[in-house]
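>>> have a look at this prediction, sequence included:
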Amino acid sequence: MAAQSVRDATFDVLREYGLTTLFANPGSTEISLLADLPADLRFVLGLHESSVVGMATGWAIGRGEPALAILHTTAGLGNAVGALATARVNRAPLVVVVGQQDRRHLATEPFLAGKLAGLAGEYPVWVEQPVRAEDVPGAVARARHEAAAASGPALVIVPMDDWSAEASPSDPRAAPGRVVRARSSDPDAVAELAGLVAGSKRPAIVVGAGADDPDTWTALVTLAERLGCAVWQESFSSRAGFPQDHALFAGHLPADRTRLRQTLAPYDLVLAVGAPVFRQYPYHSGPFVEAGTRVAMIGRDPAEVHRSAAELAVLADPATVCAELARIVPVREGAPAGPFERPAAPAPPGDGEPLRAGHVLAAIAERLPRDAIVIEESPSSRPELLARLPAREPLGSLSPAMGGLGFALPAATGLRMALPSRPVLAIVGDGSSLYSIHALWSAAHYRAGALFVILSNGGYAIMDRLVEQHGGAAPWPGFGVDVAGLARAFGCPARTVAGHGELLEACDEVLPGLGAREEPLLLEVAVAPDESFAP
């Protein structure tokens, strides 16, 4: 019997862990891995490495398990760094195999040799360069565990000649076959949290992306209702941690310390669940909360827990801890907090008046299916989008947690591929769309039936507003790009929407059946630039 190759042994690892969909943009250092791919492994082509990682991120988030991306040495990993950063903060577990030049002449730094271990900075949760070719299958298996444990991208760098090397069946694989992580809560930690709650007169809960799963939503609803307390969403969160149409949902926290202190001033205890303490955007001096407000947190991300300014931090599964906490805290009497008031739909524009983002968002909000996943990448319209489009079910809201553009189009594609019966809608600025417009090719080719709504204001509106706040003048020009035309050039069906009546007709036609779409559609809507921005 012929000896098994490292390539075939690694394929066995991929099958064992369900990593049988390979997102890639192929390069020469990966040919020995990808040529004559076995029929049970599915190759998904992205036209740029940022889209490769973006699609894998959407797939991983949608399926709740690690996804596999393959990148091409320095150029491919370098192109993907921003998307890897997004995957890290969006808590997407990824196994990333990075090609490298032939091991036999790396010492002379031949063409395509890469200094890869630190190229992605601190965004990978784990990076391994196997010492021997025989160690590659075990390194890939461990990468899967590391990605799942830390909810981020784990990288394995593999020289191209390793794939044809002979595997060592007698050597133990340097990774466990199965990992079981404890989900039980610590009684002492829960009792201490309960003591903080009992000693507070007006507690509040702050939720973040780490609470975006059905079990945590259920536990948090029970806990909030027993306490009759307000529930806030962390600022600039990538995912929703609580049903935002619930009567106790209070809104999104502001992203600077001054307004944050003002918002949280009425509360004497803030319990952060699946959220850091606290995520901010512009720097303002001073503490996060007023003197007298105590802060505790529950999270499963060690790095997030370790950097949070909390009095008590519990590193554990939020769903388990919150469920136990809800079981032991007494029901509070009194009127609950008032519900978050969403803005009314704006009046239709008059003759000669342009559409605004609010017209588009209000029309979508009135027709969007309850279980829709809304992916936001329209920075200048983000506050209004969050106010008008609540996440009503887990994974109802998604945004690029690192702030880099180019996430929405490929992530929507990957999400729709992972969840083919769930409605997926990406709301994207025209400037943002240009960072990954090529992802529409993959959406069309793989018939990922997402809806892409492009708010086309002819420029980088958020940058215009920020430079105005800075008191200066912008040196960049506006631009006008036919995004719908670009979509069609990549094979994605697209339409332009000119007026309010046409907008309502398009929403009536497309949104009710969004979950059943079998091909993508892009709607480009010309809107006036947003006149203000307050994160």
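Great, that's in hand. Residues are numbered from 1 along each chain as shown.

>>> all helices of the stretch 301-450 of the chain, in order?
With DSSP state H, counting those that start in this stretch, the ranges of helices along the stretch 301-450 of the chain come out as 302-306, 318-328, 357-367, 382-388, 408-418, 430-433, 439-445.

>>> pull out the buried positions in stretch 216-226.
Buried residues in stretch 216-226, counting neighbours by 16 or more other Cβ atoms under 10 Å, are found at Thr216, Trp217, Thr218, Ala219, Leu220, Val221, Leu223, Ala224, Glu225, Arg226. C-beta here means a position set from N, CA and C on the backbone, and glycine is covered the same way.

>>> okay, now Ile375: neighbour count?
Ile375 sits with 22 neighbouring residues when counted by other Cβ atoms under 10 Å.

>>> quick check: it touching Arg416?
No. Between Ile375 and Arg416 there is no contact, the gap being 10.1 Å when judged by Cβ atoms under 8 Å.

>>> packing partners of the helix or strand encompassing Ala147?
Using DSSP states H and E, Ala147 falls within helix 136-150. When contacts are defined as 3 or more Cβ pairs under 8 Å, 6 or more residues apart in numbering; DSSP states H and E, helix 136-150 packs onto helix 6-16, strand 94-100, strand 126-128, strand 153-159.

>>> coming back round to it: deepest of the helices of the stretch 301-450 of the chain, which one?
Across these, the average number of neighbours (mean count of other Cβ atoms under 10 Å) peaks for helix 408-418, which reaches a mean of 30.

>>> counting by contacts, list what that one packs against.
helix 49-63, strand 373-377, strand 424-429, helix 430-433, helix 439-445, strand 451-456.

>>> 7 Å instead?
Counting by 3 or more Cβ pairs under 7 Å, 6 or more residues apart in numbering; DSSP states H and E, the packing neighbours recorded for helix 408-418 are helix 49-63, strand 373-377, strand 424-429, helix 439-445.

>>> in a markdown table, list these along with distance to Leu34 and mean pLDDT.
Shown next, in a markdown table, are those (distance: least, Cβ to Cβ, whole Å; pLDDT from 0 to 100):
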| stretch | distance to Leu34 | mean pLDDT |
| --- | --- | --- |
| helix 49-63 | 13 | 96 |
| strand 373-377 | 29 | 94 |
| strand 424-429 | 28 | 95 |
| helix 439-445 | 17 | 97 |
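
>>> which of the ones you listed sits closest to Glu468?
strand 424-429 (17.4 Å; Cβ to Cβ).

>>> what lies in contact with the closest one?
With Cβ atoms under 7 Å, 6 or more residues apart in numbering as the contact definition, strand 424-429 has outside contacts at 368, 372-380, 385, 408-409, 412, 415-416, 450-455, 514.

>>> relative to Ala323, how far out is the spatially closest residue to Asp186 that is not a sequence neighbour?
Distance criterion Cβ to Cβ, 6 or more residues apart in numbering; nearest residue to Asp186, sequence neighbours excluded, is Ala316 at 6.6 Å. Distance of Ala316 to Ala323, computed by Cβ to Cβ, to the nearest Å: 11 Å.

>>> ok, now Ala506?
Ala506 is 43 Å from Ala323, by Cβ to Cβ.

>>> mind putting the buried residues of stretch 216-226 into a markdown table with secondary structure?
Shown next, in a markdown table, are those (DSSP: H, G, I helix; E, B strand; the rest coil):
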| residue | secondary structure |
| --- | --- |
| Thr216 | helix |
| Trp217 | helix |
| Thr218 | helix |
| Ala219 | helix |
| Leu220 | helix |
| Val221 | helix |
| Leu223 | helix |
| Ala224 | helix |
| Glu225 | helix |
| Arg226 | helix |
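
>>> ok, these vs Leu248, which is closest?
Ranked by distance to Leu248 (Cβ to Cβ), the buried residues of stretch 216-226 are led by Ala224 at 4.9 Å.

>>> is it correct that the closest one is in contact with Val206?
No. Here Ala224 does not reach Val206: they are 11.4 Å apart, not a contact under Cβ atoms under 7 Å.

>>> if we can go back for a sec, could you dump the helices and strands packed on helix 136-150 to CSV with distance to Ala113?
As requested, the helices and strands packed on helix 136-150 are exported to CSV (distance: least, Cβ to Cβ, whole Å):
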stretch, distance to Ala113
helix 6-16, 20
strand 94-100, 7
strand 126-128, 17
strand 153-159, 9
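
>>> the closest residue to Gly292 other than its chain neighbours: neighbouring residues, count only.
With Cβ to Cβ, 6+ apart as the criterion, Gly292 has its nearest non-adjacent residue at 6.3 Å, and that residue is Asp268. By other Cβ under 10 Å, the residues close to Asp268 number 18.
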